[in-house]
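Asker: Got a predicted structure plus its sequence, pasted below:
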Amino acid sequence: KAGVTQTPRYLIKTRGQQVTLSCSPISGHRSVSWYQQTPGQGLQFLFEYFSETQRNKGNFPGRFSGRQFSNSRSEMNVSTLELGDSALYLCASSLVQGGTNTEAFFGQGTRLTVV
Amino acid sequence: AQTVTQSQPEMSVQEAETVTLSCTYDTSESDYYLFWYKQPPSRQMILVIRQEAYKQQNATENRFSVNFQKAAKSFSLKISDSQLGDAAMYFCAYRRGLGTSGSRLTFGEGTQLTVNP
C-alpha cells in the first residue's frame, strides 16, 4: 500500500506570491491534517479535513487555507507569502473508525523557501 | 489547552546500550492518546509507539517501550540495544481520545538522539 505522498518536495517562492501544496493520503484514509514545522516554533497544527470538510483549525492567519477533494486528496494554499512562511509542511492521513481517528501517518513533507 | 514538554533537547547513547527520552504533558482530560514519533534526516515522521491513556499496561514495540505514569503525566521512551539507525529527532505527541473527533496532534519540542558507534 502506498504511503502519504506530498508534492512537490521542494519549492522556492518570492515574497508576496502564493503557493499550493498537495497531499495524497493512504488509500482508504479520509482524514488529512497539515502541520508546519520550523526551527523556532516546532511542529504546529494547521488544519484537518475529513470528508471534504474542515474539521479542526489551528491558530494560523487566513492566508493559510486548504481544501479536500472527493478522492480525499488535499491541498493547502498560502497566499501573500512572507519570509516567515519558510518551513517544512507535513501532511498526515488517518483512518476514521467508529468516529475516531486511528494513528496518523505522515508524508515526507514539502520544503518551502520564501525569498 | 494541552501542552507537551520534552526537556532534553539532545541525548546521546552508545551503540547497543539503552537510552530513555523524557516527556511530560498537561491535560485536563482523562481520555487521550500519546505517541512517540521519529524524524530521521529524511524528515519523514515515523510512528514509533502509541499508548492509550485508559490502558495501564505500558506499550512495547520490539526494542522500544514506554513508561506511562498517568498521575504524574509522564510518558518516557526507552530504546534498548540502540542501533545507528535509531539516530533521529524524537517527538512526543498528544491527541484527544475516544468520543472526540479529529486527529489533531500536539507535539513536544523534540529530542535529538545521537547514537555513537
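Answerer: Thanks, I have the structure now. Numbering: from 1, shown residues only, chains lettered A, B, ... in the order given.

Asker: Give me the number of neighbouring residues for the closest residue to A:Leu43 other than its chain neighbours.
Answerer: Leaving out its chain neighbours, the residue that sits closest to A:Leu43 by C-beta to C-beta, 6 or more residues apart in numbering or on different chains is B:Phe107, at 4.1 Å. Just so you know, the C-beta spots here come from the backbone N, C-alpha and C atoms, and that holds for glycine as well. Neighbourhood size, B:Phe107 [other C-beta atoms under 10 Å in any protein chain shown]: 20.

Asker: wait, isn't B:Phe107 in contact with B:Ala93?
Answerer: Yes: with contact defined as C-beta atoms under 8 Å, B:Phe107 reaches B:Ala93; the gap is 4.9 Å.

Asker: For the residue nearest to the spatial centre of chain A, list the residues it contacts.
Answerer: Of all residues in chain A, the one closest to the mean position by C-alpha atoms, centre = their mean is A:Trp34, 3.1 Å from it. Listed by C-beta atoms under 8 Å, 6 or more residues apart in numbering or on different chains, the contact set of A:Trp34 reads A:Cys23, A:Phe45, A:Leu46, A:Phe47, A:Glu48, A:Gly66, A:Ser74, A:Met76, A:Tyr89, A:Leu90, A:Cys91, A:Ala92.

Asker: Mind doing that once more with 7 Å?
Answerer: Neighbouring residues of A:Trp34 by C-beta atoms under 7 Å, 6 or more residues apart in numbering or on different chains: A:Leu46, A:Phe47, A:Gly66, A:Met76, A:Tyr89, A:Cys91.

Asker: hang on, the earlier thing: quick check: neighbours shared by B:Phe107 and B:Ala93?
Answerer: Shared contacts of B:Phe107 and B:Ala93, defined by C-beta under 7 Å, 6+ apart, are found at B:Val4.

Asker: Mind checking the pLDDT average for the helix or strand where A:Tyr49 lies?
Answerer: Per DSSP states H and E: A:Tyr49 is located in strand A:42-50. Across strand A:42-50, the average pLDDT comes to 95.

Asker: Need the contact partners of that strand.
Answerer: Counting by C-beta under 7 Å, 6+ apart, residues outside strand A:42-50 touching it are A:30-37, A:54-58, A:60, A:64, A:66, A:68, A:74, A:76, A:96, B:91, B:102-105, B:107, B:109-110.

Asker: Could you turn the buried ones of these into a PyMOL selection?
Answerer: Of those, the buried ones go into a single PyMOL selection, burial set by 16 or more other C-beta atoms under 10 Å in any protein chain shown:
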select buried, (chain A and resi 30+31+32+33+34+35+36+37+55+56+60+64+66+68+74+76+96) or (chain B and resi 91+102+103+104+105+107+109+110)
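
Asker: Lovely, talk soon.
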